[in-house]
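Novice: coords below, sequence missing:
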Ligand SMILES: Cc1cc2nc3c(=O)[nH]c(=O)nc-3n(C[C@H](O)[C@H](O)[C@H](O)COP(=O)(O)O)c2cc1C
């Protein structure tokens, strides 16, 4: 343990690959996101669509986990999950805290993107469309798991999966009512590019009177 602790203190990485200038970025952050996402794919970042989703309870207690980005547009960023999960309950109308943050970290490019905004459920039709495109096993998985609930052991899951597999023998599996898409509508998006001497580039887009304002932040 001691050696590991010493090692942690020695991990140091000077960022030097690229720069980010406010005069070179797109006026619209969604276009800037698309450009960086494409570059992340090009750089063979593993799971470039994996992002940290941070939600919070009504009292403001935060919680974070990885989810997969499945779509994005001018309207926002889409991921899919279980409506009754911990994050689902925190975001739901009952708890009334739809404020969330998303975070991408692409170390291969020395880049981070921070997104903050409000989350809404997608329409049932939009969720159906995506659910129907999933492999059969993923569909069964969505039915099987009461995400975030405590369970006795692994067998509970396996048995439920087998039971559902017999119930739905082919691809024709309806979307569970407790599973679907969420859209995070951003109010701020920050692009972070690592630079030498810890003097990183940070370009912040924020919504002001329905327009995106671009500012630079100190690193
Ligand atoms: C690479 C990766 C991708 C994941 N993708 C999703 C996802 O798209 N949706 C989801 O609900 N959980 C996903 N998870 C699992 C979540 O991190 C988390 O364990 C789960 O959603 C329960 O979180 P909660 O109890 O805070 O609600 C993913 C985990 C990893 C590591």
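Specialist: Thanks, I have it. Everything numeric here is computed off the predicted structure, so don't read it as measured data. Numbering: from 1, shown residues only.
Novice: Count the neighbours of residue 195 for me.
Specialist: 19 (other CB atoms under 10 Å). Just so you know, the C-beta spots here come from the backbone N, C-alpha and C atoms, and that holds for glycine as well.
Novice: From residue 11, how far off is it?
Specialist: Using CB to CB, to the nearest Å, residue 195 is found at 18 Å from residue 11.
Novice: One more: residue 179?
Specialist: 39 Å.
Novice: which of these two has more neighbours?
Specialist: Using other CB under 10 Å, the more surrounded residue of residue 179 and residue 11 is residue 179, with 21 against 6.
Novice: bridging residues for that one?
Specialist: Residue 179 has these beta-bridge partners by DSSP bridges: residue 82.
Novice: so it touches residue 85, yeah?
Specialist: No. With contact defined as CB atoms under 8 Å, residue 179 and residue 85 do not form a contacting pair (9.5 Å).
Novice: how about the strands of the chain, start to end?
Specialist: Ranges of strands within the chain are 50-56, 62-68, 71-73, 76-82, 99-106, 111-121, 179-193, 201-208, 211-216, based on DSSP state E.
Novice: Mind listing the strands the second one pairs with, and their directions?
Specialist: Sheet neighbours of strand 62-68, with direction, are listed as strand 50-56 (antiparallel) (DSSP bridges).
Novice: can you tell if the partner strand touches the ligand?
Specialist: Yes. Shown here: strand 50-56 in contact with the ligand (CB under 6 Å from any ligand atom) through residue 50.
Novice: What spatial separation is found between the residue nearest to residue 173 when sequence neighbours are not counted and the ligand?
Specialist: Spatial nearest neighbour of residue 173, chain neighbours left out: residue 139 (4.2 Å); criterion: CB to CB, 6 or more residues apart in numbering. Applying CB to the nearest ligand atom, to the nearest Å, the value for residue 139 to the ligand is 14 Å.
Novice: Could you report the pLDDT at residue 139?
Specialist: At residue 139, the model reports a pLDDT of 98.
Novice: That one: neighbour count?
Specialist: 22.
Novice: With residue 51 instead?
Specialist: Residue 51 has 22 neighbouring residues, counting by other CB under 10 Å.
Novice: So it sits against residue 67, correct?
Specialist: Yes. The pair residue 51 / residue 67 is scored as a contact, 6.5 Å apart, by CB under 8 Å.
Novice: overlap in contacts of those two?
Specialist: Common contacts of residue 51 and residue 67, defined by CB atoms under 8 Å, 6 or more residues apart in numbering, comprise residue 79.
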